[in-house]
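In: This is a predicted model, with the sequence first.
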Amino acid sequence: MMTLGDAPVRVALLGCGVVGSQVARILLEQADDLRARVGRPLELVGIGVRRTTDRPGIDPALFTTDVPSLVAREDVDLVIELIGGINPARELLLAAIQGGKSVVTANKALLAQHGAEIYDAAAAADVDVYYEAAVAGAIPIIRPLRESLVGDAVTAVKGIVNGTTNYILDQMHTHKVSFSDALADAQRLGYAEADPTADIEGHDAAAKAAILASLAFHTRVTLDDVACEGISSVTADDVRAAESLRCVIKLLAQCSVSPDGTVAVGVHPTMVPLEHPLAGIRGAYNAVFIESVNAGRLMFMGPGAGGSPTASAVLGDVVTAARNRVRGVAGHGESAYSTPGITDPSSVVSAYYVAMTVRDEPGVLSRVADAMARRGVSIAAVRQEQTSGGSGARLGITTHRAPDGNVRAVVDELLGGGDVLGDVRVLRVEGA
Ligand SMILES: NC(=O)C1=CN([C@@H]2O[C@H](COP(=O)(O)OP(=O)(O)OC[C@H]3O[C@@H](n4cnc5c(N)ncnc54)[C@H](O)[C@@H]3O)[C@@H](O)[C@H]2O)C=CC1
Ligand SMILES: N[C@@H](CC=O)C(=O)O
Ligand code: NA
């Protein structure tokens with residue numbers, strides 16, 4: 001990489017939505033401080049957008065809809081991608097890298113599916129790829145895994161990594177707001193993805209889990225490797241059931257090394273006991289625990305979504321990449337030397353809450369208990385109450401830890417028999 005002499009570091013920004021507009025604001029408002037921190041001015045030379053409209057405080061001459069030409073400009077040193085989605089974001093990032101530009105992105109969907117292609121291209125071109133904003137918004141989590149803990153041996157990463165779903169679940173628990181109203185609020189507040197299906201079906205959290213697992217275990221985990229359940233089926237009844245067990249429902253991402261050395265990565269709605277630190281993570285906040293052999297247990301917490309917090313993480317990367325540029329070096333590349341393989345999701349062990357509406361007749365409970373016992377699923381607690389319509393009983397069973405596949409097999413068996421009337425719910429339960 002060439003040094004820049006005394007020249008400014010020239011920055012192209014792609015996308016000027018929730019996050020991009022805040023990045024532009026900070027680049028312009030904090031220009032003096034940023035110059036002092038980089039040692040050269042950070043000059044915003046263009047903003048690529050789909051449609052040009054006036055944005056208060058930003059010179060209209062900066063905007064262009066010809067994004068490929070902006071990326072190809074000879075005088076651009078650094079490209080910030082805040083468009084989202086796969087293409088054209090992928091093509092634009094690859095073009096930037098192949099043109100010798102360093103890149104900063106918040107695009108977890110892209111990195112979880114095409115990360116290897118992008119990291120390899122950056123290594124070949126000797127330029128930087130930074131992506132702190134891609135996981136858990138403002139919270140520094142990529143850099144701690146990529147740099148601070150790289151001399152340790154991480155064994156598990158787990159937590160809340162999607163602000164939208166945490167906001168929705170928190171509203172459902174705390175204010176008894178409906179799922180759809182809470183989602184509409186999350187969209188209005190700028191937390192949700194352009195298509196919020198990615199949030200509520202767990203795909204966004206799964207993409208982040210893939211990125212975290214890749215960094216934590218020095219391997220390449222992609223979106224397809226992640227067992228993923230979202231929160232779209234979580235109902236007010238589930239919320240009440242969780243509360244009656246002194247729990248709240250959270251969408252948890254879990255990445256760990258299994259006993260056979262493979263890597264287990266999953267995203268699931270989970271009942272979390274009120275006394276657990278993750279239970280108190282409110283609104284669009286995120287929290288991530290890292291467990292490692294030498295450091296022990298670390299917790300990172302903060303705003304996981306929203307324009308200004310996410311822009312903070314983007315600017316951290318921009319300053320780092322610009323400093324590298326000034327010194328004529330590229331930062332740390334990807335460490336993906338390990339190939340442990342992915343754990344079969346059915347062998348992942350957890351405690352469960354299994355609820356179902358059953359016939360209110362003698363013998364039903366013992367048959368359900370027998371089906372569980374035959375699959376090695378041990379019951380921790382049982383609650384039973386009349387359904388409001390009186391057509392059956394609502395059975396809520398909490399299990400001890402058991403393999404996911406065994407619990408699913410019990411549920412399939414019960415659904416095939418005559419005792420279960422319907423409305424079966426299976427939720428993981430986190431240890432206190
Ligand atoms: N909103 C948030 O809280 C967070 C968002 N992110 C990520 O940041 C990225 C941007 O997210 P938001 O700002 O929320 O999205 P947004 O939808 O508000 O903004 C996207 C911007 O890209 C532009 N754009 C879309 N298609 C384009 C195209 N083909 N060519 C040029 N410009 C195009 C849009 O006009 C808009 O200016 C995404 O990758 C998202 O996953 C990451 C962390 C938090
Ligand atoms: N839609 C995402 C935005 C941040 O990554 C979320 O809600 O967490
Ligand atoms: Na982050």
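Out: Great, that's in hand. Ligands and ions are numbered 1, 2, ... in the order given.
In: Let me see the contact set for the residue nearest to residue 313 when sequence neighbours are not counted.
Out: In space, and not counting its chain neighbours, residue 313 is closest to residue 133: 3.8 Å by C-beta to C-beta, 6 or more residues apart in numbering. For the C-beta atoms, the positions are set from N, CA and C on the backbone; glycine is no exception. By C-beta atoms under 8 Å, 6 or more residues apart in numbering, residue 133 lies in contact with 19, 105, 106, 310, 311, 313, 314, 317.
In: Look up phi and psi at residue 133.
Out: phi -70, psi -10 (degrees, to the nearest 10).
In: for the contacts of residue 133, which one is nearest residue 168?
Out: residue 310 (18.5 Å; C-beta to C-beta).
In: Provide the count of other residues in contact range of that closest one.
Out: Using other C-beta atoms under 10 Å as the criterion, residue 310 is surrounded by 28 other residues.
In: What residues sit buried inside the helix or strand residue 319 falls within?
Out: Following DSSP states H and E, one finds residue 319 within helix 307-327. In terms of neighbour count (16 or more other C-beta atoms under 10 Å), helix 307-327 has its buried residues at 307-326.
In: Ok, stretch 33-46 next?
Out: 34, 35, 38, 40, 41, 42, 43, 44, 45, 46.
In: Let's have the residues you listed in TSV, adding secondary structure, distance to residue 197 and pLDDT.
Out: Below are those laid out as TSV (DSSP: H, G, I helix; E, B strand; the rest coil; distance: C-beta to C-beta, whole Å; pLDDT from 0 to 100):
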residue	secondary structure	distance to residue 197	pLDDT
34	helix	36	98
35	helix	41	97
38	helix	39	97
40	coil	42	96
41	coil	41	97
42	strand	35	98
43	strand	38	98
44	strand	33	98
45	strand	35	98
46	strand	31	98
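In: Let me know the closest of the residues you listed to ligand 3.
Out: Distance to ligand 3 across the buried residues of stretch 33-46 (C-beta to the ion) is lowest for residue 34, with 19.2 Å.
In: Which residues of the chain lie near ligand 1?
Out: Residues of the chain lying near ligand 1 by C-beta under 6 Å from any ligand atom: 15-20, 48-50, 67, 82-84, 88, 106-108, 133, 137, 190-191, 193-194, 305-306, 310.
In: in the stretch 201-350 of the chain, which spans are strands?
Out: Assigned by DSSP state E, counting those that start in this stretch, the stretch 201-350 of the chain shows strands spanning 227-228, 247-257, 263-273, 285-292, 296-303, 349-358.
In: before we move on, back to that, just the closest of the contacts of residue 133 to ligand 3, please.
Out: Lowest distance from ligand 3 to the contacts of residue 133 (C-beta to the ion) belongs to residue 313, with 4.7 Å.
In: Flag the shaky bits of this protein, pLDDT-wise.
Out: By pLDDT under 70, the low-scoring segments of the chain are 1-5, 390, 432.
In: Output the set of residues of it in proximity to ligand 2.
Out: Residues of the chain lying near ligand 2 (C-beta under 6 Å from any ligand atom): 137, 162, 163, 164, 191, 192, 193, 199, 204, 304, 305.
In: if we go to 5 Å?
Out: 162, 163, 164, 191, 193, 199, 305 (C-beta under 5 Å from any ligand atom).
In: so which pair among those is furthest apart in space?
Out: 163 and 193 (10.4 Å).
In: between the two, which one's more packed in?
Out: Comparing residue 163 with residue 193 by other C-beta under 10 Å, the one with more neighbours is residue 163, at 28 against 20.
In: now the farthest one out in this structure, which residue is it?
Out: Most distant from the centre of the chain: residue 362, at 45.6 Å, with distances by C-alpha atoms, centre = their mean.
In: that older thread, turn the strands of the stretch 201-350 of the chain into a markdown table, including mean neighbour count.
Out: Formatted as a markdown table, the strands of the stretch 201-350 of the chain follow (neighbours: other C-beta atoms under 10 Å):
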| stretch | mean neighbour count |
| --- | --- |
| strand 227-228 | 21 |
| strand 247-257 | 24 |
| strand 263-273 | 24 |
| strand 285-292 | 22 |
| strand 296-303 | 15 |
| strand 349-358 | 20 |
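In: what's the closest of those strands to residue 414?
Out: For the strands of the stretch 201-350 of the chain, the distance to residue 414 is smallest for strand 349-358, at 6.9 Å, taking C-beta to C-beta.
In: Thanks a lot, catch you later.
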